[in-house]
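Novice: next input, structure requested:
(one chain, ligands or ions: 1)
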Amino acid sequence: MSKTVMEHADASEVFNRDEPYVNWHDETLWFVRQKRDKSSKQLPEWEQLREAASGIKHYVLSHLDELLISFEQKAKENGVQVHWAANAAEHNEIVLGLLKKHKIDKMVKSKSMLTEECHMNEFLQKNGIEVIDTDLGERIVQLRNEPPSHIVLPAIHLKKKDIGDLFHEHLGTEAGATDPQYLTEAARQHLRDKFLTRRAALTGVNFAVAETGSFVVSTNEGNADMGAHLADIHIACMGFEKIIPKQEHLGVFLRLLARSATGQPITTYSSHFKKPREGQEMHIVIVDNGRSTQLGRKDFRNSLKCIRCGACMNTCPVYRRSGGHSYHNAVAGPIGSILAPNLDMTKNADLPFASTLCGSCSNVCPVKIDIHDQLYKWRQVLAKEGHVPKSKEIGIRAMSTVLAAPRFYQWSGRLGRTVMRAMPFMVNNTLNPWYKQRDMPEPPEESFRDWYVRNRKN
Ligand code: SF4
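Specialist: Here you go, the predicted structure:
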């Protein structure tokens, strides 16, 4: 792991220093999870929808070649220019090339986790292009010069006061103002001018339909539409897994996406783009960036079914209490911890361990990805490939020796209980990660096994 990036456990420790704030973060995300529960329970066919979505995505992953070719062909027939990028660098160069060709040095952008994954904003800014994020949450984190902490709710780690202070500094709102309506109106006015003066707009893609060559972008703010409709050039960027076979499949995914993400029955704007309007250029950049490799990993290919709803983050006890930035990856939380090691095992070896493996993520996932199983499998791969720290490896080996020998296990338990009673400082010290935030429990007089044997005899 790079020395400049803090490991998840260390970053979480920093995040956890402010306990009331962590409790607030935890409760806020749990509130979103509860909204998802309520909304999904209103649909008797919810489980059938999940099953259908998972099945469609399974088909997609087995027929990517033909679906992508069909999409390209239809999109071209519609007058859209299609580009292919093998990796993040190629993606960024394609976008830069298009802007340079049209002598454009300012662009608006709606939410696109792919561009976060490719670090596109930094790249374009280094090349003299100003990029303005127009999703409110994205604009907030952009003004703070930090990445989003959640794929659907990018500024969920911030309180109203933080945003009031930020807008006072950058947008000139009244000092101390925290009224959400007032602050949103200020952002609206600030962004309006950007929409009206930018000649290029970049959007993400939620679903690309192979049979029509069209694509759908879902937002709650209408910012993708504002940007794309006003600009001379609309660039839409998508990971290749965003493809779905038919228009009729959209109903399945759109119903699942909004309910899983925020508990809404439908996202406010689900905009269908098919061809450029007269005088406009429309481009689609289809990106691989490690997806082919993940597709080839039998145990992990299902992670490409993800529709980026964020439900697995909202439910994850580790995410809720460690915050999105602790994951040092564009996509945080359980799904990010499966996707990240595929991109860089050395840098992201800590992430599959940022989980209790409770399985809540898999239970809420609208496309039924076996998230916690994959996290467990990544741990095995990382250990086998030598990406696990020596201390952890030694600990795991020691545990497996103890657990494999019942007598040794009993003896170790007795020794442990004696040490905890006679010399509590041996375990209650800062070398023990557990002790950093809680006392060790009182050791029992006897083990469960001893109790069981005694009572059974009786
Ligand atoms: S893995 Fe599932 S729950 Fe998590 S973001 Fe993707 S689709 Fe949503």
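Novice: assign a three-state SS to the closest residue to the ligand within the stretch 1-150 of the chain, would you?
Specialist: As assessed by CB to the nearest ligand atom, the ligand sits closest to Ala53 within the stretch 1-150 of the chain, at 8.8 Å. From N, CA and C alone the C-beta is placed, and that goes for glycine too. Under DSSP: H, G, I helix; E, B strand; the rest coil, Ala53 falls in the helix class.
Novice: burial count for it?
Specialist: Ala53 has 24 neighbours, counted by other CB atoms under 10 Å.
Novice: go on, Lys38?
Specialist: For Lys38, using other CB under 10 Å, the count is 10.
Novice: nearest spatial neighbour of it, chain-adjacent residues omitted?
Specialist: Distance criterion CB to CB, 6 or more residues apart in numbering; nearest residue to Lys38, sequence neighbours excluded, is Gly263 at 6.2 Å.
Novice: pLDDT score assigned to that neighbour?
Specialist: The model reports Gly263 with a pLDDT of 97.
Novice: contacting residues for it?
Specialist: Gly263 makes contact with 32, 34-39 under the criterion CB atoms under 8 Å, 6 or more residues apart in numbering.
Novice: ok, now how distant is the residue in the stretch 151-300 of the chain positioned nearest to the ligand from Ala332?
Specialist: The stretch 151-300 of the chain approaches the ligand most closely through Ser260 (5.8 Å), counting by CB to the nearest ligand atom. Distance of Ser260 to Ala332, given as CB to CB, to the nearest Å: 16 Å.
Novice: please apply the same query to Arg144.
Specialist: Plainly put, Arg144 is 16 Å away from Ala332 if you go by CB to CB.
Novice: likewise for Ile307?
Specialist: For Ile307 relative to Ala332 (CB to CB), the value is 16 Å.
Novice: Val364 too?
Specialist: As defined by CB to CB, Val364 lies at a distance of 16 Å from Ala332.
Novice: which one's more surrounded, those two?
Specialist: Neighbour tally, Val364 and Ala332, criterion other CB under 10 Å: the higher count belongs to Ala332, 28 against 22.
Novice: report pLDDT for the residue of the stretch 351-458 of the chain found nearest the ligand.
Specialist: Proximity of the stretch 351-458 of the chain to the ligand (CB to the nearest ligand atom) peaks at Cys365, 3.3 Å away. pLDDT for Cys365: 98.
Novice: which ones are touching it?
Specialist: Counting by CB under 8 Å, 6+ apart, Cys365 touches 50, 260, 311-312, 371.
Novice: dihedrals phi and psi, Asp133?
Specialist: phi -80, psi 130 (degrees, to the nearest 10).
Novice: not counting sequence-adjacent ones, nearest residue to Ile156?
Specialist: That would be His150: by CB to CB, 6+ apart, it lies 4.7 Å from Ile156.
Novice: what residues does the stretch 301-450 of the chain put near the ligand?
Specialist: Selection of the stretch 301-450 of the chain residues close to the ligand by CB under 6 Å from any ligand atom yields 306-312, 335, 364-367, 369, 371.
Novice: again, only this time at 8 Å
Specialist: Contact residues (CB under 8 Å from any ligand atom) of the stretch 301-450 of the chain with the ligand: 303, 305-313, 333-335, 338, 361, 364-367, 369, 371.
Novice: how about the helix-or-strand element of the chain with minimal mean pLDDT: buried residues?
Specialist: One helix or strand of the chain scores below all others by mean pLDDT, DSSP states H and E: helix 448-457, with a mean of 88. Within helix 448-457, no residue qualifies as buried by neighbour count (16 or more other CB atoms under 10 Å).
Novice: which residues does it contact?
Specialist: Here helix 448-457 has contacts from 410, 413, 446, using CB under 8 Å, 6+ apart.
Novice: if we go by neighbour counts, what in the helix or strand hosting the second one is buried?
Specialist: In other words, Gly413. Applying DSSP states H and E as the criterion places Gly413 in helix 406-422. By 16+ other CB under 10 Å, the buried positions in helix 406-422 come out as 409, 412-413, 417, 420.
Novice: the residue lying closest to Thr219 once chain neighbours are set aside - how many residues pack around it?
Specialist: Leaving aside its chain neighbours, Thr219 sits nearest to Tyr269 (5.1 Å; criterion: CB to CB, 6+ apart). By other CB under 10 Å, 16 other residues sit near Tyr269.
Novice: can you redo the contacts of Gly263 as TSV with pLDDT, distance to Tyr435 and secondary structure?
Specialist: TSV is the format used below for the contacts of Gly263 (pLDDT from 0 to 100; distance: CB to CB, whole Å; DSSP: H, G, I helix; E, B strand; the rest coil):
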residue	pLDDT	distance to Tyr435	secondary structure
Val32	98	32	helix
Gln34	98	33	helix
Lys35	98	37	helix
Arg36	98	35	helix
Asp37	98	35	helix
Lys38	98	39	helix
Ser39	97	41	helix
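Novice: can you flag the buried ones in those residues?
Specialist: By neighbour count, with 16+ other CB under 10 Å, the contacts of Gly263 hold 32, 35-36, 39 as buried.
Novice: near the ligand, which of these show up?
Specialist: Counting by CB under 8 Å from any ligand atom, no member of these reaches the ligand.
Novice: so which of those residues comes closest to Leu295?
Specialist: Arg36 (28.3 Å; CB to CB).
Novice: from Asn23, how far off is that closest one?
Specialist: Counting by CB to CB, the gap from Arg36 to Asn23 is 20 Å.
Novice: pipe the contacts of helix 448-457 into CSV and attach distance to Lys57 and pLDDT per row.
Specialist: Formatted as CSV, the entries for the contacts of helix 448-457 read as follows, by distance: CB to CB, whole Å; pLDDT from 0 to 100:
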residue, distance to Lys57, pLDDT
Gln410, 48, 93
Gly413, 46, 92
Glu446, 52, 90
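Novice: nearest to Glu13, of these?
Specialist: The nearest one, if we look at the contacts of helix 448-457 relative to Glu13 and count by CB to CB, is Gly413, at 28.9 Å.
Novice: just give the nearest non-adjacent residue to that closest one, would you?
Specialist: Ser447 (5.1 Å).
Novice: what is the neighbour count of that neighbour?
Specialist: Ser447: 16 surrounding residues under other CB under 10 Å.
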